[in-house]
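K.L.:
with the input below, show me the fold.
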Amino acid sequence: MAHYVGAIDQGTTSSRFIVFDQAGSIVSVAQKEHEQIYPKPGYVEHDPLEIWRNTQEVIAQALDKKGLSAKDLAAIGITNQRETTLIWDRRTGKPLHNALVWQDTRVDPMVHALAKQGGPDRLRSKTGLPLASYFSGLKLRWLLDNVPGARAKAEAGDVLFGNIDTWLVWNLTGGPDGGRHITDVTNASRTQLMNLHSLGWDEDILRLFDIPEACLPKILSSSEVYGEAKGVLAGVPIAGILGDQQAALVGQTCFQPGEAKNTYGTGCFMLMNTGETPYPSKAGLLTTVGYRFGTAKTVYALEGSIAIAGALVQWLRDNLGLIQASSDIEALARSVEDNGGVTIVPAFSGLFAPHWNADARGLIGGLTRFVTKGHIARAALESTAFQTREVLDAMAKDTGIAVKELRTDGGMVVNELLMQFQADILNVPVVRPKVIETTALGAAYAAGLATGFWSGTEALVQNWAVDKRWTPAMATAERNRLNAEWAKAVTRSLDWVG
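P.N.:
Presented below is the predicted three-dimensional model:
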């Protein structure tokens with residue numbers, strides 16, 4: 001009998017394979033980073049073949065660590081960096097170009113051109129999304145327009161499009177030899193090509209973006225058996241697919257309307273469960289699919305997407321050399337009592353929610369001779385908390401729901417200075433669960449539900465447990481002062497380009 005469920009967690013900077021037991025605890029994990037490719041300013045790419053190689057390696061490593069084999073796994077789920085876009089040849093399996101990462105802004109001119117005819121929200125009623133370089137649809141259009149021969153082959157169905165979930169499933173199920181070309185509703189909802197209401201590709205938008213439907217994957221639920229894996233996982237059902245942030249919503253068991261989680265990774269992503277009706281946003285949030293389990297009704301979510309969170313710490317490490325390792329940031333930030341008057345707005349590729357200003361650029365404000373690298377480190381951490389506060393405020397405006405606590409996960413939640421400051425600046429308790437790998441856990445849950453490894457969502461809720469809770473301890477006047485400084489700095493960063 002299979003005692004475990006596996007999850008492929010293919011993220012922006014690395015690929016992981018994690019094995020979970022029935023209690024939702026981690027049994028084994030392996031991880032490998034992949035190259036970040038920056039051909040030009042605003043261009044961000046990944047090598048899809050490197051990602052596929054790394055995925056196979058970490059699967060083998062995680063199983064080998066604990067002496068496991070494919071027979072020990074009841075199912076596997078997949079969670080992935082969303083919006084990262086690639087096309088490949090159906091016959092050879094070779095990508096026609098590097099993948100365009102969600103952070104890539106090369107389609108900004110297309111966004112501006114489309115926005116001139118009907119405004120940036122012209123597709124929001126159908127897709128829940130504003131026109132932005134973030135989403136997959138226009139990235140696909142760029143590839144079809146700029147890769148020689150790609151459009152003709154795509155129209156004939158010989159070139160396939162997918163986000164990373166689609167690429168992995170296709171390869172896992174055989175690739176050129178019968179690989180399944182599919183995606184789930186959560187990933188499809190991030191292309192800006194899917195109608196939120198019909199859950200199908202929208203013909204009007206396909207015409208507007210000039211996208212041939214023949215290259216698009218079939219849209220399925222987030223939890224069902226899609227097929228069996230070949231290779232190192234031969235015979236194991238692939239039974240769950242969730243975009244990374246929706247996977248974290250499931251991993252945090254936010255199954256009731258009004259429950260919210262925030263994932264602190266390369267970017268920062270807050271999702272609130274809004275139930276079975278898409279909730280239109282008037283405060284700069286995204287309306288997206290939260291999850292759909294099998295034939296059950298679709299559950300929707302409001303999302304606030306922040307482009308730069310952990311990536312700012314990486315920038316301090318790699319570009320400025322302020323720290324040797326990302327984990328050094330907390331000690332450096334604790335070396336000072338406060339930010340010394342420094343505010344950092346990390347608008348490296350514009351600002352996402354709730355501003356959606358593609359022409360914003362990053363700035364460091366409030367510099368004096370007094371400022372040290374400790375103050376800059378502290379301001380960097382605080383920028384993540386300030387951005388999160390803006391998103392939570394927007395969710396309250398849209399829904400009228402005041403979040404009672406914020407469930408957190410992702411790599412940055414081990415930073416206790418950040419977590420306390422987050423609680424202080426929100427004036428809401430912040431909770432870290434015992435298993436912080438909630439993205440992978442959510443994918444495992446989706447796969448386990450589809451195969452009967454877990455009986456239902458009630459069993460998943462019982463698995464969730466608190467590791468640590470931070471309560472607000474900041475005076476109201478200080479909170480208001482800091483929020484005002486942040487708002488002033490954001491204003492300075494807007495419309496920097498042009």
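K.L.:
so how many other residues sit close to A487?
P.N.:
12 (other C-beta atoms under 10 Å). (Glycine included, C-beta is placed from N, CA and C.)
K.L.:
that one and Q387: what is the separation?
P.N.:
In this structure, A487 and Q387 are 12 Å apart, going by C-beta to C-beta, to the nearest Å.
K.L.:
A444 now?
P.N.:
29 Å.
K.L.:
of the two, who's got more company?
P.N.:
A count of neighbours by other C-beta under 10 Å puts A444 above the other of A444 and Q387, at 38 against 29.
K.L.:
so what's that one up against?
P.N.:
Going by C-beta atoms under 8 Å, 6 or more residues apart in numbering, A444 touches 5-7, 18, 20, 24, 76-77, 240.
K.L.:
which strands and helices lie in contact with the helix or strand where V225 lies?
P.N.:
Element membership for V225 (DSSP states H and E) is strand 223-228. Other elements packing on strand 223-228 under the criterion 3 or more C-beta pairs under 8 Å, 6 or more residues apart in numbering; DSSP states H and E are strand 237-243, helix 438-451.
K.L.:
with distance to W102 and mean pLDDT as extra columns, can I get those in JSON lines?
P.N.:
Below are these laid out as JSON lines (distance: least, C-beta to C-beta, whole Å; pLDDT from 0 to 100):
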{"stretch": "strand 237-243", "distance to W102": "10", "mean pLDDT": "97"}
{"stretch": "helix 438-451", "distance to W102": "15", "mean pLDDT": "95"}
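K.L.:
those: which one's closest to S28?
P.N.:
helix 438-451 (11.7 Å; C-beta to C-beta).
K.L.:
neighbours around the residue lying closest to N195 once chain neighbours are set aside, how many?
P.N.:
In this structure, N195 finds its nearest non-sequential neighbour in D202, 4.2 Å apart by C-beta to C-beta, 6 or more residues apart in numbering. Neighbour count for D202, taken as other C-beta under 10 Å: 21.
K.L.:
in contact with D202, which residues?
P.N.:
By C-beta under 8 Å, 6+ apart, the contact list for D202 reads 126-127, 193-195.
K.L.:
just those residues: which are in helices?
P.N.:
126-127 (DSSP state H).
K.L.:
most neighbours among the contacts of D202, which one?
P.N.:
In the contacts of D202, the most neighbours by other C-beta under 10 Å go to L193, 29 neighbours.
K.L.:
next one: that residue from T85, what distance?
P.N.:
11 Å.
K.L.:
what do the two both touch?
P.N.:
Here L193 and T85 have S136 as joint contacts, going by C-beta under 8 Å, 6+ apart.
K.L.:
packing partners of the helix or strand harbouring E303?
P.N.:
Assigned by DSSP H and E, E303 belongs to strand 299-306. Counting by 3+ C-beta pairs under 8 Å, 6+ apart, the packing neighbours recorded for strand 299-306 are helix 244-251, strand 268-275, strand 286-291, helix 373-399.
K.L.:
could you list the paired strands of it along with their orientation?
P.N.:
strand 268-275 (antiparallel), strand 286-291 (antiparallel) (DSSP bridges).
K.L.:
closest to W454 out of those?
P.N.:
strand 286-291 (14.2 Å).
K.L.:
the inter-axis angle of that closest one versus helix 438-451?
P.N.:
Strand 286-291 runs at 50 degrees relative to helix 438-451, counting by axes from the mean of the first three to the mean of the last three C-alpha atoms, to 10 degrees.
K.L.:
in the stretch 1-150 of the chain, which spans are strands?
P.N.:
Listed in chain order, the strands of the stretch 1-150 of the chain (DSSP state E, counting those that start in this stretch) span residues 4-10, 14-20, 26-33, 45-46, 73-80, 86-89, 99-100.
K.L.:
and those strands as CSV, adding distance to G118, mean pLDDT and mean neighbour count?
P.N.:
Output for the strands of the stretch 1-150 of the chain, formatted as CSV (distance: least, C-beta to C-beta, whole Å; pLDDT from 0 to 100; neighbours: other C-beta atoms under 10 Å):
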stretch, distance to G118, mean pLDDT, mean neighbour count
strand 4-10, 35, 97, 29
strand 14-20, 39, 96, 25
strand 26-33, 41, 95, 17
strand 45-46, 30, 96, 22
strand 73-80, 31, 97, 29
strand 86-89, 27, 97, 22
strand 99-100, 24, 98, 27
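K.L.:
for D210, find the nearest of those strands.
P.N.:
Proximity to D210, assessed across the strands of the stretch 1-150 of the chain by C-beta to C-beta, is greatest for strand 86-89 (14.4 Å).
K.L.:
tell me what the closest one is packed against?
P.N.:
helix 136-146, helix 150-155, strand 159-162, helix 164-172.
K.L.:
with mean neighbour count as added columns, please give the ones you listed in CSV.
P.N.:
As requested, the helices and strands packed on strand 86-89 are exported to CSV (neighbours: other C-beta atoms under 10 Å):
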stretch, mean neighbour count
helix 136-146, 22
helix 150-155, 19
strand 159-162, 26
helix 164-172, 26
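K.L.:
looking at these, which is nearest to L63?
P.N.:
Closest among the helices and strands packed on strand 86-89, using C-beta to C-beta: helix 164-172, at 14.6 Å.
K.L.:
return the closest of the contacts of D202 with respect to F293.
P.N.:
Once C-beta to C-beta is applied, the member of the contacts of D202 that ends up nearest F293 is M194, at 18.0 Å.
K.L.:
ok, that closest one - contacts?
P.N.:
Contacts of M194 (C-beta under 8 Å, 6+ apart): 127, 185, 188, 200-202, 219.
K.L.:
D424: which of the contacts of D202 is nearest?
P.N.:
Distance ranking of the contacts of D202 against D424, using C-beta to C-beta, places T127 first at 35.8 Å.
K.L.:
still on that earlier bit, now for the strands of the stretch 1-150 of the chain, which one comes closest to G258?
P.N.:
Proximity to G258 (C-beta to C-beta) singles out strand 73-80 among these, at 23.5 Å.
K.L.:
who are the packing partners of that closest one?
P.N.:
If contacts are counted by 3+ C-beta pairs under 8 Å, 6+ apart, strand 73-80 sits against strand 4-10, helix 164-172, strand 237-243, helix 244-251, helix 438-451.
K.L.:
and the third one, which strands flank it?
P.N.:
Pointing back at strand 237-243 there. In the sheet, strand 237-243 lines up against strand 73-80 (parallel), strand 223-228 (antiparallel) (DSSP bridges).
K.L.:
chain center to the longest one: distance?
P.N.:
Right, the one you point to is strand 73-80. In terms of C-alpha atoms, centre = their mean, to the nearest Å, the centre of strand 73-80 is set 17 Å apart from its chain centre.
K.L.:
same question for the shortest one.
P.N.:
Once both centres are worked out by C-alpha atoms, centre = their mean, strand 223-228 turns out to sit 22 Å from its chain's centre.
K.L.:
list of residues touching that strand?
P.N.:
So strand 223-228 is contacted by 75, 169, 173, 180, 182, 220, 234-241, 291-294, 446-447, 449-451 (C-beta under 8 Å, 6+ apart).
K.L.:
and the angle for it with helix 164-172?
P.N.:
Using the same axes, to 10 degrees: strand 223-228 against helix 164-172 is 40 degrees.
K.L.:
so for strand 223-228, what gets flagged as buried?
P.N.:
223-224, 226-228 (16 or more other C-beta atoms under 10 Å).
K.L.:
okay, that strand in PDB with CA atoms only?
P.N.:
Below are the C-alpha coordinates for strand 223-228, written out as PDB (Å, rounded to 0.1, in the frame of the first residue of the first chain):
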ATOM      1  CA  SER A 223      -8.000  17.600  -8.600                       C
ATOM      2  CA  GLU A 224      -8.600  14.600 -10.800                       C
ATOM      3  CA  VAL A 225      -6.500  11.800 -12.300                       C
ATOM      4  CA  TYR A 226      -4.900  13.300 -15.500                       C
ATOM      5  CA  GLY A 227      -2.800  10.300 -16.400                       C
ATOM      6  CA  GLU A 228       0.000   8.100 -15.200                       C
END
